[in-house]
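K.L.:
Build me a model:
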Amino acid sequence: MTMTEARPTEGGTSSTPEAPPSPVGQAVVDSADHKVLGLILIGASLLLYLILRAAGSALGAELLSAGSQVVGGNSRRFYSLYETGIILLWVAPVWIGLATYLLPLQIGASRLAFPRVQALAVWTHLAGAGLFLAGHLIDPPPGIGLTGREPLQAPLGGINDGTNLILASFLLLGLATLLSAGNLLTTALIMRADGMSLGRMPLFSWGVVAAAAGSLLATPVFLACALVLYLDLHFGGTNLFADSRGADLVWQKGLWLYGRPEALLLLVPALGAACDIVATAVRKPLAAPPPPVPQGLKAKLPPLPGLVTPLAGHVLAAGALFAAVTFALLAWVQDRQTIDAVILPTATVPTALFAVAAGVLVLLWLATLREGSVRPTLALSFVAAAIVVGAAAALNALIAGLTGVEGTELGQGMVELITIGVPTLLAFGALHHWAKKLFGVGLSGPAGGLALLASLGGTLAIGIGQSIAGYGGAEVHAKEAQGDARVGFAIAEVGHVLLLLAGLVIALDVARAMAARRRNRAAPADITDGVTLEWAAPSPPPPENFTELPDVRSEAPLADLSGAESTTTTSAGKKG
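P.N.:
Numbering: from 1, shown residues only. Here you go, the predicted structure:
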C-alpha cells in the first residue's frame, strides 16, 4: 500500500499562538470551506422542500374541498410558489450543495478552485430564495410562474412589489447557478490529485462536470430573458413578450421551465450519484453489459476484451451522462406546439432521447449488480425506487401516446415523475450514501426506510394521480375537480402528504446528524466504506480534507487498496 503525504497547509508552521476559534455563527457566515458551504445549501434546500411541499398539499386540498376555502383566492400565488419553487429552490440547490461538498473529495483536492466565488454563489442563492418567498408573501404574481405556458404579462404601472421581488430572485438564482457551475467545472479540470485522470474520475463528479457544462450554456440565456422580462413588466420597454411579437416562442425558449434545458440537466448529477452508489454496493467499477451476440456466434469470434473490461463500463457511463446533457440542450429545438404537449418534459424526439441515455445507465447498473457480490444498502434501495418511477413514467408516456389523450394535467403528472420525483429519490439516497462523509455519522436506518416508502409511494401517487386527472379531461392548473379527475386529484393529494412526510423524516434525521457532527470527533477513514477517493478522508473530513492520499491507479482506488492489503495479509499468513 502506497500513501502520499498530506499536503502541507499554506504558509507553513508558525511559532505564534493560534487565534481562538470564531463563534459558530460567524465561522459559518465567513467560511469559504466547500464542506461548510455544501452543508448550508443542503440544510436550506431541505427546509425549503418542506415549505414547498406544504404549499402543494394546500393546493391539492383546495381541489377536493367541495366549496370550502383552503387557499381561497390565492391559488395563483400557491401554484407559482410550489411549481416554480420546487425546481429552483429544492432540486437545484440540493444537488449543487452535494456537488460543492463532494467534488473536491472525490478528485483528491483540498478545496474548490475559487472558494470565495462559491461562498458568493451560496449566499446569492439563499438571497434569491428569500426574495422568491418574500415576493409570494407580499403580493400575488401576475401569473403562475415559470411553469405556466403563457408569458407573464401586466400593463404599464400594474406590477406590484411582490412581482418585482420574484423577478429579482430569478436574476439572483441564475447568477448563483452560473457561478457554481463555472467553479465546479474549473475544479474538476485543474484540481485533480496525481493519478486522477479524467478517465478515472468518479461518475458523480462526471455528472457534475456534464451538468455544469450544460448550465454554462443554458443559464446565460435564462438570465438575459429574465432581465428582458423585468424590463417588460416594470417599464414596458421592449414588448418582446407581447402577443403580437411571438410571445409564446420567446417565453418557451428563454423562460418557460419545461422548454429550457435546465428541466432535464438537474437529472444528470443525480444519475451520476446513482452510478457511484451502485459501484460502492459491489465494490468495483461499473461493468459494461456483454455485446448482444448469440452464444454460438460468440464462440467463433475472437475475444474482444476492450468491450467487456470494467473501464469500458465506466467510460460508457460517462459518455451516457454527456449524451444526456446534449439531449437536454436539444430542448431548444422544440417548436410552439410542444407548449401544449401532454408528455412533459420530453415532448419531442430529441428530448425523448434523454430517456435513452438514462436507459443505458440503468442497463450498466443492472449488469454490474448481476456480476458482483451486492452489499444491500438503503441508498441502493433509493436507486431501485428511482428506476421504478422512471419505468412508471415510460409506461405512462406509452399509454398517453396510444390513447391520444389531450388532458394537459397529464403533462404535470409526467413532470412530477421525471423532473421532480427521480432527482428527489436519488437526493435522499445520496444523503444516506454519503452521510458519514457529510455528518460524521450515518443516518437512521428505520427513519430512512420510512422515508423510502413514503417518497416512493408519494411520487407514484402524485404522478399517477395527476395523470388520471389528465385522462379524465382536467386542464392544467384546474381550480376544481369533477368525475374521474376528482379521483385523480385525490390520489395526488395523498402523494403530496406522503412526500411531505418523507421530507420531514429526512430533514429531522439530517438535523440530528448535523448536531452529532458538532459534538463528536472525526472518525478515521475506513476504506471498506466505498471505492472512490472521498472514503479515504476521515468522517467528517478535516479542513484540508485528507490526512493522507492513496495512489490513484484506477476508477476504484480504494478497492485496489483494500485488495492489495488483503493479498499482503494472506501472503504473510502463509509464510507464518
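K.L.:
quick one: the lengthiest helix in the chain to chain centroid distance?
P.N.:
Longest helix in the chain, counting residues (DSSP state H): helix 483-519. Counting by CA atoms, centre = their mean, to the nearest Å, helix 483-519 is centred 17 Å from the centre of its parent chain.
K.L.:
what pLDDT, on average, does the next helix or strand after that helix get?
P.N.:
The helix or strand immediately downstream of helix 483-519 is strand 548-550, counting by DSSP states H and E. For strand 548-550, mean pLDDT is 88.
K.L.:
For strand 548-550, which strands pair with it and how are they oriented?
P.N.:
Partner strands and pairing direction for strand 548-550 (DSSP bridges) are strand 3-5 (antiparallel).
K.L.:
tell me the mean pLDDT over the partner strand?
P.N.:
For strand 3-5, the per-residue pLDDT averages 48.
K.L.:
What's the local residue count around Phe439?
P.N.:
By the criterion of other CB atoms under 10 Å, Phe439 has 25 neighbours. C-beta here means a position set from N, CA and C on the backbone, and glycine is covered the same way.
K.L.:
Please list all residues in contact with the closest residue to it other than its chain neighbours.
P.N.:
In space, and not counting its chain neighbours, Phe439 is closest to Ala513: 3.7 Å by CB to CB, 6 or more residues apart in numbering. Contact partners of Ala513, counting by CB atoms under 8 Å, 6 or more residues apart in numbering, are 435, 438-443.
K.L.:
Check Leu255 too.
P.N.:
If you count contacts by CB under 8 Å, 6+ apart, then Leu255 has 146, 151, 222, 225-226, 229 around it.
K.L.:
after the worst-scoring helix or strand of the chain on mean pLDDT comes which helix or strand?
P.N.:
Every helix and strand of the chain was ranked by mean pLDDT, DSSP states H and E. The lowest is helix 305-308, at a mean of 43. Remark: after helix 305-308, the chain's next helix or strand is helix 310-329, criterion DSSP H and E.
K.L.:
Need the contact partners of that following helix.
P.N.:
Contacts for helix 310-329 (CB under 8 Å, 6+ apart): 199, 201, 203, 206-207, 210-211, 213-214, 217-218, 261, 263-265, 267-268, 271-272, 275, 284-288, 306, 350-351, 353-354, 356-358, 360-361, 364, 367-368, 555.
K.L.:
That helix: which residues count as buried?
P.N.:
Judged by neighbour count using 16 or more other CB atoms under 10 Å, the buried positions of helix 310-329 are 310-318, 320-329.
K.L.:
Equivalent analysis for stretch 382-401, please.
P.N.:
382-387, 389-390, 392-394, 396-397, 400.
K.L.:
quick one: contacts of that stretch?
P.N.:
Outside stretch 382-401, the residues touching it (CB under 8 Å, 6+ apart) are 270, 274, 277-278, 342-343, 346, 355, 358, 362, 365, 410, 413-414, 417-418, 421-422, 425-426, 428-429, 432, 452, 455-456, 459-460, 463-464, 467.
K.L.:
and if we set it to 7 Å?
P.N.:
274, 277-278, 342-343, 355, 358, 362, 410, 414, 417-418, 421-422, 425-426, 428-429, 432, 452, 456, 459-460, 463-464, 467 (CB atoms under 7 Å, 6 or more residues apart in numbering).
K.L.:
Next step: the residues you listed restricted to helices.
P.N.:
Per DSSP H, the contacts of stretch 382-401 map to helices at 274, 277-278, 355, 358, 362, 410, 414, 422, 425-426, 428-429, 432, 452, 456, 459-460, 463-464, 467.
K.L.:
the helices in the stretch 1-150 of the chain, which residues?
P.N.:
For the stretch 1-150 of the chain, the helices defined by DSSP state H, counting those that start in this stretch occupy 24-30, 34-63, 75-79, 85, 92-107, 115-138.
K.L.:
Out of those, which gets nearest to Ala502?
P.N.:
helix 34-63 (8.8 Å; CB to CB).
K.L.:
Check which helices and strands the closest one is in contact with.
P.N.:
Counting contacts by 3 or more CB pairs under 7 Å, 6 or more residues apart in numbering; DSSP states H and E, helix 34-63 packs against helix 75-79, helix 92-107, helix 115-138, helix 483-519.
K.L.:
between that helix and helix 422-433, how big is the angle?
P.N.:
On the basis of axes from the mean of the first three to the mean of the last three CA atoms, to 10 degrees, helix 34-63 is oriented at 140 degrees to helix 422-433.
K.L.:
Now do helix 34-63, average pLDDT.
P.N.:
94.
K.L.:
still on that earlier bit, can you lay out the contacts of Ala513 as a markdown table showing pLDDT and secondary structure?
P.N.:
Formatted as a markdown table, these follow (pLDDT from 0 to 100; DSSP: H, G, I helix; E, B strand; the rest coil):
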| residue | pLDDT | secondary structure |
| --- | --- | --- |
| Ala435 | 96 | helix |
| Leu438 | 95 | helix |
| Phe439 | 94 | helix |
| Gly440 | 92 | coil |
| Val441 | 93 | coil |
| Gly442 | 93 | coil |
| Leu443 | 96 | coil |
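K.L.:
which of those has the most neighbours?
P.N.:
Most crowded among the contacts of Ala513, counting by other CB under 10 Å, is Leu438 at 28 neighbours.
K.L.:
Wait, that one touches Tyr101, no?
P.N.:
Yes - taking CB atoms under 7 Å as the definition, Leu438 is a contact partner of Tyr101 at 6.4 Å.
K.L.:
any common contacting residues for these two?
P.N.:
Joint contacts of Leu438 and Tyr101 (CB under 7 Å, 6+ apart) are Leu39.
K.L.:
Point to the residue nearest the middle of the protein.
P.N.:
Nearest residue to the geometric centre of the chain (CA atoms, centre = their mean): Trp95, 4.1 Å.
K.L.:
Tally up the residues packed near the closest residue to that one other than its chain neighbours, please.
P.N.:
Using CB to CB, 6+ apart and skipping residues adjacent in sequence, the residue nearest Trp95 is Pro269, 4.8 Å away. For Pro269, the number of neighbouring residues by other CB under 10 Å comes to 32.
K.L.:
re earlier: buried ones from the contacts of Leu255, can you make that a ChimeraX selection?
P.N.:
Written as a ChimeraX command, the selection of buried residues from the contacts of Leu255, which uses 16+ other CB under 10 Å, is:
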select :146,151,222,225,226,229
